[in-house]
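Engineer: I need the structure of the sequence given here:
(chains A and B)
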Amino acid sequence: MSEVAFPTSAADTPRRPVTGLWLLIVAIAISLAAYAMAGLGLRGRTPRDFVVYGLVFTGAFVAGWLVVRWTAPRADPVLYPTATVLAGLGIAMLYRIMVARGESTIAREQAMWLLVGLAAFCLTLWFVRDDRQLNAYTYTLGLIGVVLLLLPVVPGIGREINGARLWAQVGPFSFQPAEFGKIFIVVFLAAYLTDKQELLAAGSGRFGLPRVKDLGPLLLAWGASLAVLFLERDLGASLLFFGVFVVMLWIASGRSAYLWLGLLMFAAGAWFGYLAFDHVQARVDTWLHALDPDKVTGLGYFQLAQGWFAMATGGIVGTGLGQGSPTLIPYVGSDFIFAAFGEELGMIGAVALLLLYLILIARGLRVAMERQDTFGKLLATGLTTILALQTFAIVAGVTRLIPLTGVPLPLVSYGGSSRVATFIMLALLIRVSSGPMERSRG
Amino acid sequence: MDRRIRRLGIGLVALFALLFAQLSYVQVIAADDIKAQPANARRQIIAEYRVERGPILSADGDLLAQSLRNQERRAELLFRRVYPDGPLYAGLTGYYSRIYGRAELEQAANPFLSGDAPELAVSTFTDLILGRQRKGGAVFTTIRSDLQEAAARALGDLPGAVVAIEPETGDVLALVANPSYDPNSISSGTDEDINAAWESISTDPSQPLISRAKDELYLPGSTGKLITASAALENGVDPVTDQWPNPRVLDLPQTTNTLENFGGSLCNGGSQTVSMAEAFQESCNVTFAEIGLDLGAKEMSEQARAYGFCPTDPPEQVECEEPTIPFVLPWANGRFPVPSYFADRQPQLAFSAIGLDNVLTNPLHMALIAAAIANDGVMMQPRLITEVLDPTGKPVREFEPEQYGQPISDGSAREMRAMMLSVTQGGTASSAFSGFPIAVAGKTGTATNGENRPPNAWFTAFAPAAPGDEARIAVAVIVLDGGNLGNEATGGQVSAPIAREVIDAYL
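Structural biologist: Predicted coordinates for the structure are as follows:
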């Protein structure tokens, strides 16, 4: 592993900015078309603020692209436009849902949060000029991550909404600190595992298993995940943290035993969680019995059943944007926005949406592989994994492949914290792909 | 490390492949089953109301039911069902309620109206491809709106029903029943409005949802003599030369009970003997009881079967599985007991011969009998739908008139016509038809209606009925509970004038 000046192998061959620009134009066009079509389908005319929205959206995302060109000239050209189209589709669907509910101000709020996210994206790129500078504050970042994660538990700051303690309120602002905490945790893990890589890879106990003392971090992460589950009743975050930890440990150590042990501990944790916590049992029961005639009217069951009905109604081609009835699903804007896409854009649209995430994932892992240094590889892998697992968890939950864990669909579903946090993760990924800012002129 | 990252990539793609598989299960493979779940009622209704349901029209093009687009913004249901003359046609159109389902034509013709029928597949598929509003087919009925209105006017507010049929085709020209209800009130409006309207209609003691024209059954009384007379003619009785004794009171076999003429009078001025034709004109109960007893249970039951009455075996079996005479709407077919019922019940045979005991019918069935006699003994099935047009106006389905059977011979039909003609010319309905320019063949009936209740007044007829005329309309009228005459009501006084107005309006 070299700690040479140029961390990416592709550094000498600058990427073609034109590709990125064309992709961005297509992404903006799709986003605005979706917005217009949602209005047409819903009311038979384009939204009244279409021109303003179009100008702001285009302006903001072109500005964002210019910032990427300026601060990260060798950045992967696909990541940013893919994120753009996902964000644009998300706003179009939220607009469509909120107008149908007569709450169009909520859609405007989310559009504002999109701008805030874009600003956070630019600031991250500006301040983090070289991702390796993050490597220097390993434990500080880790501590911040843990604090953010546990913030909702702190009396006076934490807020419980819908049975999960996910919120923190500081002054007039309330946000979900775990959304940001996960970024710090991933950065911490990348730095920590880079540090301990050789130790983890070398030591071997009996039967080729890691020595007991090497299991410390694994047990710690497992305990922390269960603590999150216990203290905050947040099944989704708990699974996500443990999942990304196990994956990064495996990638860093090169020992698949960690992966299998991790899966085993996941199973044990899940079993324990099921036995110990009512809300986990409830999630499993709603998942298994969503359509049982005597249960289907209960809220959790009703929501899953309505999600299925929506997607089944959509069929292959969908009802068309604005022409379905996704508002029959409770919380369709947040947890169940994917079902709304399934209904109005059909299986074709739902698959296309997932393919967009797969593009992000593929490009993210490609960034990891192109980096020559361990930290860069682990950071890119960690960020990509969290994006992938989060997307999988919510879509599999909505489609009833697994029990529902209420995590947001990245960039698409309702939620300011998630929107901003995802943009920061994206900025880090782009930074990793481009390498240090100053070097670009070298 | 890169190898592991690649493996991670493969693993993540595999996870997403699971999502694709699950999506194709939910959205394609199991989609129809999922959509059909009872818990999905709301979406099923929304899907149903996305279609511009086809209209129901009268033969002359009047709209009996149509779908109009909801004008409110963000209306979840795109269309609402409107019945321009709600109560007038309620018994035919029925209702189309998102809460209480469908009834009558809305139910019976639903595949056509909704566009689901295979005949409309091409049209609805074109709508789908072109992204047009999906439309259902237009259902044309045999109803003549002017006749329906005339019949309703003639019946007025009296409880009862009027049915008019074209003898040659079996076409239902008018079908009016009182009391009625407004289908608009349970088909459109807010959920609260619909629930309130349904509550009031379904708990109304007069039961407006049950059509007196076809859903309810009544004793035919003397109109039942049409069956007895037909059986006699079919079994070789000569209406003029064959004579029966003419006592004031008939002693019934197997019992000490007796049977009298209406009002205890003597038939045919008290002559020694009386012919069937004379007895028919005056509607003599004693004579027809004698005829029925002479013919026997088997012949009487067989004749009733031939007229489409379904066989019952009271008291055990009094219901019919389904109507013997097919009709597009649900209806209660007439009933007549099987021969074995009469084996040790000879008095009941005598009462059945004058349309009492367990003989039951309704105006629709009586109109069909009159129509059969008018149509040279050939009985047609009642036809209500003539054709279905697709939204472009192209006929996609036609319903031809269909013969039910021939209950009586051509010759018997001629004899019946002559006897029925005498009823309006010097017989029990002569006052109602005095001065009426058209020859009308009819039969009155005044049937008991339970203890201490005024009788039900019947009249069934067809016209024009002069020998050689081709009859164009057959009518049956029932006025319940004596109508405006109470205990003094008779078919000739109460119902015959209503039939006369209807015939007058049509011819």
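
Engineer: Any idea how far stretch B:401-421 is from the middle of the chain?
Structural biologist: Here the centre of stretch B:401-421 is set off from its chain's centre by 21 Å, with C-alpha atoms, centre = their mean, to the nearest Å.

Engineer: what residue ranges in the chain are flagged as low confidence?
Structural biologist: You didn't pick a chain, so chain A it is. For chain A, applying pLDDT under 70 flags the ranges A:1-17, A:162-164, A:171-172, A:203-215, A:217-218, A:438-442.

Engineer: You answered for a different chain; I wanted chain B.
Structural biologist: Residue ranges of chain B with pLDDT under 70: B:73-74.

Engineer: Any chance you could spot the residue sitting in the middle of it?
Structural biologist: Closest to where the C-alpha atoms of chain B average out (C-alpha atoms, centre = their mean) is B:K214, at 3.6 Å.

Engineer: For stretch A:122-133, what is the spacing between the initial and final residues?
Structural biologist: In stretch A:122-133, first residue to last residue: 17 Å (C-alpha to C-alpha, to the nearest Å).

Engineer: I'd like the distance from that stretch to the chain centre, please.
Structural biologist: Mean-position distance between stretch A:122-133 and its chain equals 20 Å (C-alpha atoms, centre = their mean).

Engineer: Same question for whatever helix or strand A:W22 lives in: list its buried residues.
Structural biologist: Assigned by DSSP states H and E, A:W22 belongs to helix A:17-43. Buried positions in helix A:17-43, judged by neighbour count with 16 or more other C-beta atoms under 10 Å in any protein chain shown: A:20, A:23-25, A:27-28, A:30-32, A:34-42. In short, each C-beta sits where N, CA and C put it, glycine included.

Engineer: follow-up on the earlier one: so the residue nearest to the centre of chain B: helix, strand or coil?
Structural biologist: Applying DSSP: H, G, I helix; E, B strand; the rest coil to B:K214 yields a three-state assignment of coil.

Engineer: and it, what is it in contact with?
Structural biologist: Residues near B:K214 by C-beta atoms under 8 Å, 6 or more residues apart in numbering or on different chains: B:91, B:161, B:163, B:175, B:177, B:327, B:329, B:331-332, B:362-364.

Engineer: Kindly report the same for A:A178.
Structural biologist: So A:A178 contacts A:148-149, A:152, A:166, A:228, A:232, A:234, A:237 (C-beta under 8 Å, 6+ apart).

Engineer: Distance from the host helix or strand of it to the middle of the chain?
Structural biologist: According to DSSP H and E, A:A178 maps onto helix A:177-202. The chain centre lies 17 Å from the centre of helix A:177-202; the measure is C-alpha atoms, centre = their mean.

Engineer: Next SSE downstream of that helix?
Structural biologist: Taking DSSP H and E, what comes next after helix A:177-202 is helix A:216-232.

Engineer: Of all the residues in that following helix, which ones are buried?
Structural biologist: The neighbour-count criterion (16+ other C-beta under 10 Å) identifies A:217-218, A:221-222, A:224-226, A:228-229, A:232 as the buried residues of helix A:216-232.

Engineer: Same question for stretch B:376-395.
Structural biologist: For stretch B:376-395, the neighbour count (16+ other C-beta under 10 Å) marks B:376-391 as buried.

Engineer: Chain A: which of these is nearest?
Structural biologist: The closest of those to chain A turns out to be B:P391 (C-beta to the nearest C-beta; 19.9 Å).

Engineer: ok, B:V172 to B:V286 distance?
Structural biologist: 36 Å (C-beta to C-beta, to the nearest Å).

Engineer: Counting neighbours around each, name which of these two comes out higher.
Structural biologist: Set B:V172 next to B:V286 and count neighbours by other C-beta atoms under 10 Å in any protein chain shown: B:V172 wins out with 29 against 26.

Engineer: beta partners for that one?
Structural biologist: Taking DSSP bridges as the rule, B:V172 bridges to B:I165.

Engineer: Look up how far chain A lies from it.
Structural biologist: Distance, B:V172 to chain A, by C-beta to the nearest C-beta, to the nearest Å: 39 Å.

Engineer: how about the residues of the stretch 201-350 of chain A near chain B?
Structural biologist: With the criterion set to C-beta under 8 Å from any C-beta of the partner chain, the stretch 201-350 of chain A comes near chain B through A:247, A:250-252, A:254, A:291, A:293, A:296-297, A:302, A:305, A:308-316, A:325, A:328, A:342, A:346-347, A:350.

Engineer: how near is the closest residue in space to B:P220 that isn't next to it in sequence to B:Q107?
Structural biologist: Computed as C-beta to C-beta, 6 or more residues apart in numbering or on different chains, the closest residue to B:P220 that is not its neighbour in sequence is B:G355, at 3.9 Å. Distance from B:G355 to B:Q107, counting by C-beta to C-beta: 32 Å.

Engineer: B:T169 too?
Structural biologist: 24 Å.

Engineer: For these two, indicate the residue with more neighbours.
Structural biologist: Using other C-beta under 10 Å as the criterion, B:T169 and B:Q107 rank with B:T169 on top: 19 against 15.

Engineer: Please, where are all the helices along the stretch 251-400 of chain A?
Structural biologist: A:256-276, A:278-288, A:299-314, A:337-370, A:374-398 (DSSP state H, counting those that start in this stretch).

Engineer: Any buried residues in the first one, and which?
Structural biologist: I take that to be helix A:256-276. Neighbour-count burial for helix A:256-276 flags A:258-259, A:261-262, A:265-266, A:269-270, A:273 (criterion: 16+ other C-beta under 10 Å).

Engineer: how distant is it from the center of its chain?
Structural biologist: The chain centre lies 23 Å from the centre of helix A:256-276; the measure is C-alpha atoms, centre = their mean.

Engineer: what angle sits between that helix and helix A:177-202?
Structural biologist: Orientation check (axes from the mean of the first three to the mean of the last three C-alpha atoms, to 10 degrees): helix A:256-276 against helix A:177-202 gives 140 degrees.

Engineer: can you list contacts of stretch B:92-112?
Structural biologist: B:45, B:48-49, B:53-54, B:56, B:64-65, B:77, B:81, B:83, B:90-91, B:113, B:116-117, B:119-120, B:136-137, B:139, B:141, B:143, B:175, B:183, B:186-187, B:191, B:194-195, B:198, B:209, B:328-330, B:384-385, B:388, B:397.
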